[in-house]
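Build the 3D model from these lines:
(2 chains)
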Amino acid sequence: MNAVEQVQQSIKVAIAQAVEKAQLVEAGTQLNIHLETPKDKANGDYATNIAMQLTKLAKKPPRAIAEAILENLDTTGTDIEKIDIAGPGFMNITVKKDFLTQVVKAALAQGDAYGRSEAGQGEKVQVEFVSANPTGDLHLGHARGASVGDSLCNVLDAAGYDVSREYYINDAGNQINNLAYSLEARYKQALGMDADMPEDGYHGADIIEIAGKLKEEFGADILEKSEEERFKFFREHGLRLELAKLQNDLKNFRVEFDVWYSETSLYGNGKIERALDKLKANGHVFEEDGATWFRSTTFGDDKDRVLIKNDGSFTYLTPDIAYHEDKLQRGFDKLVNIWGADHHGYIPRMKAAIEALGYDRGTLEVDIIQMVQLYKNGEKFKMSKRTGNAVTMRELVEMVGLDAVRYFFVKTAGDSHMDFDLDLAVSQSNENPVYYAQYAHARIASILRSAKEQGFEASIENLDLLTAEKEIDVLKKVGDFPKVIAEAAKHRTPHRIANYIQEIAATFHSFYGAEKVINTDNKALTEARLALITAVQTTIANALRLIGVSAPEKM
RNA sequence: GCCCUUGUAGUUUAAUGGAUAAAACAUAAGAUUCCGGUUCUUAGGCUGGGGGUUCGAUUCCCUCCAAGGGCGCCA
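All right, here's what the predicted structure looks like:
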C-alpha cells in the first residue's frame, strides 16, 4: 500500500467510525465507503457519497446524515484538512497539502513499478485472445482484439492479478483442409501450372507467399507425391508457416503469449472423449438423426447443439468444450475470452457447456470486441479474408504506425462499434492523440537534460515548495495512477488507461505553460519541480507501456 | 422472424447510479524575449424518441426507432 492509498484508507476508517459513533446504522453493518475524485476541484480532493447511500438505512435526509457524521468525526491522525457538506449530501474532503507530495516520493522510489498494486490479490486469471485461424493474415478486427487483450493483461498484471495469456490455435478443423487445398493450388500456380482455387479457398496474399517459399525450398518435387501425401505435406507446411507468420506479426505488434494451445493436441490425449463422457454422465447428451447432441437448451441456449455429426466427426464445439474443461482444470479462478462480435452467438452454448460439466458458468466471462468498420475515400470498405482485399494488421501498422494503431484501438471501449477512417488515420498521423502524450514525455526528458547541463538535479528535499495550483493538479493526477490501474483491471476496461494518459499529459502541459521548471534564481524550487516532472515522466512511461505504446526521449 | 451489441458536441469518442455530461480533431479568436509552438488560454450539448425504478439515470428496467452482428451436422 503506497502513501496515497494509506491516506485514503485512513479517511475511510475515520468516516466509518463516525458513522458508527453517530448511531446512524446498526452496529456491525458493513459499510462500503467509496472515495471519488471530484471532477471540479472546488469540491475538494476527495468526495464521498456515503450520506446519500445511507438514506434508506438511517431514515434521514442525506444532508442531516452528513452533519451527524461530521459531528462525530475525529480527524486526529488523518491527513484531513477539512470536510464540507455540499450539494445533495456530498462530503467534500480537503487533505493537507504535504500529503500530496508523498506521491512524488512514491513515484521516484518505485520507478517502473509505480502504479502497481495488490488490488487483484493474486487471483489467477487466464485471458484467451486473438485465437485467429491459422489460415490467413491477421486483419483489422484481430488488431483491435490484440490491442485490447494485451493491454488488459498488462493492466491485470499491474493490478496484482496472476495473469496468463493464451492463444488457441484452431489447427484441426475443415478450414485446415481448405488451407492445404488452397496452398496446393497456389504452389502449382507458382510453378507456372494451371490450377483452380477450391470453392471455399483462401485467397489471401499470404498463401501465395507461402507457396512461393515452398517452391523455393522443394522445387517441383511435391508433385511427385501421391495425392494423400501431397495433402499431408501442404497441411503440415501450411500450418507451420502460417503459425510462424502469426507469431511473428503479433510479436512485432508487441503482443506475446504465455501459452499457444493447439486444438489438435486435444485429439491425441483423450481429452475430448473425457469431456464427452462427462457430459453424458451428467445426462446432457442425446442421439437424434444419426448425430450426437448436447442439450444446451437446459442451460439457456436457444437450441440444442450437435457434438458428433452423422459422419462420425466432431463439430467445432466439441473440442472447444474439452479445451475449456482443460482450462478450468488448470486451476484458474477466472477465464476471460476476448472474442470478435461475430462470435457472440456462441457464448450461450459455451457457458451452457461449462455449467453442464459441473462448473459455475460465471467462471467464464466473454468480452466482445465490436466490429471495426473501415472507411476509405468516404465509403465503407468491406473486409473479407476470402476476397483477398482485406486490410491486414501488418498493412495497417505500415500505414499508421505501430504506436498510433495500438493507442487508437485501446482508447475506445472494446464493446462499442468503431469507425476507422483510413484516410484520416494516415493523414492525421502527425496530430494523433498518441503524439500528445508522447510529446509530454519527450518534453520532460528535454527539460531534465537541460537542467542537468545547468547543474540542477531532482530532489525530494523541498517538496513542500510545490504549492502552485497547477502543481497541485499534477500531484493529484500522478497520485491517481494506482487507483486508475486497479479500476481498469476490475472492470476490464483498459481504455481507461488511455484516457488517463490524455489527462495527465494535459495536466502537465498546462502546468508547463503556467510555471517555469528551471529557475536559476531558486535552486530549491527548481529541484523540487524537477522531482515533480520526473514523477510525471515515470507515470506517463508506465502508463504507455501498459497499452503497448513507446515513450520516446526525443521526437 | 428470433437473439446479441451499440446510439452522447459538426466528427471520433469519455464519463464505479452522483454535483454545471468531459476530451481530442475540425472551426474562430488570443498567448510565446523563456526549460522543445507536436504547447497553452477562450468560445458549443433537449445524452435517438417515449415510459418506469429512486434522494439522483448517459448508466438499471420496459417499449419504439436506427446501425452493426449472429441465428449451419461451418469454423
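
Just confirm yes or no for the host helix or strand of residue A:366 near RNA strand B.
Secondary structure from DSSP states H and E places residue A:366 in strand A:364-369. Yes - shown here: strand A:364-369 in contact with RNA strand B (CB under 7 Å from any atom of the strand) through residue A:368. Where you see a C-beta, it was placed from the backbone N, CA and C, and this is true even at glycine.

Name every strand pairing with that strand and say which way it goes.
Partners of strand A:364-369 in the sheet, by DSSP bridges, are strand A:334-340 (parallel).

where does residue A:550 land in three-state SS?
coil (DSSP: H, G, I helix; E, B strand; the rest coil).

I'd say it and residue A:544 touch.
Yes - in this structure residue A:550 lies within contact range of residue A:544 using CB atoms under 8 Å: 6.9 Å.

about what we covered before: contact partners of the strand holding residue A:366?
A:141, A:144-145, A:148, A:152, A:324, A:334-341, A:344, A:347, A:350-351, A:354, A:414-415, A:492 (CB atoms under 8 Å, 6 or more residues apart in numbering).

filter those residues to the buried ones?
Listed as buried from the contacts of strand A:364-369 are A:141, A:144-145, A:148, A:152, A:324, A:334-340, A:347, A:350-351, A:354, A:414, A:492; burial here means 16 or more other CB atoms under 10 Å.

ok so, going back, quick one: mean pLDDT over the strand holding residue A:366.
Throughout strand A:364-369, pLDDT has a mean value of 93.

Grab the nearest non-local neighbour of the residue of the stretch 151-300 of chain A found nearest RNA strand B.
As assessed by CB to the nearest atom of the strand, RNA strand B sits closest to residue A:173 within the stretch 151-300 of chain A, at 2.5 Å. Excluding its sequence neighbours, the residue lying closest to residue A:173 (CB to CB, 6 or more residues apart in numbering) is residue A:316, at 5.9 Å.

do you know how far the one you found is from RNA strand B?
Counting by CB to the nearest atom of the strand, to the nearest Å, the separation of residue A:316 from RNA strand B is 3 Å.

While we're on the residue in the stretch 251-400 of chain A positioned nearest to RNA strand B, how confident is the model there?
Residue of the stretch 251-400 of chain A nearest RNA strand B, by CB to the nearest atom of the strand: residue A:345 (2.3 Å). Residue A:345 is assigned 91 on the pLDDT scale.

Also residue A:291?
pLDDT, residue A:291: 96.

Phi first, then psi, for it.
Backbone geometry at residue A:291, expressed as degrees, to the nearest 10, gives phi -120, psi 160.

and residue A:54, backbone torsions?
Phi and psi for residue A:54, reported as degrees, to the nearest 10, are phi -90, psi 0.

residues contacting the residue lying closest to it once chain neighbours are set aside?
Leaving aside its chain neighbours, residue A:54 sits nearest to residue A:65 (5.3 Å; criterion: CB to CB, 6+ apart). With contact taken as CB under 8 Å, 6+ apart, residue A:65 is in contact with A:24, A:51, A:54-55, A:58, A:89.

any idea how far residue A:65 is from residue A:540?
Going from residue A:65 to residue A:540 by CB to CB, to the nearest Å gives 40 Å.

do residue A:456 as well
21 Å.

Which residue of the two possesses the greater neighbour count?
Neighbours were counted for residue A:456 and for residue A:540 using other CB atoms under 10 Å; residue A:540 has more, 24 against 20.

Could you verify my assumption that residue A:411 touches residue A:433?
Yes - Residue A:411 lies in contact with residue A:433 (CB under 8 Å); the separation is 7.1 Å.

That concludes my questions; thank you for your assistance.
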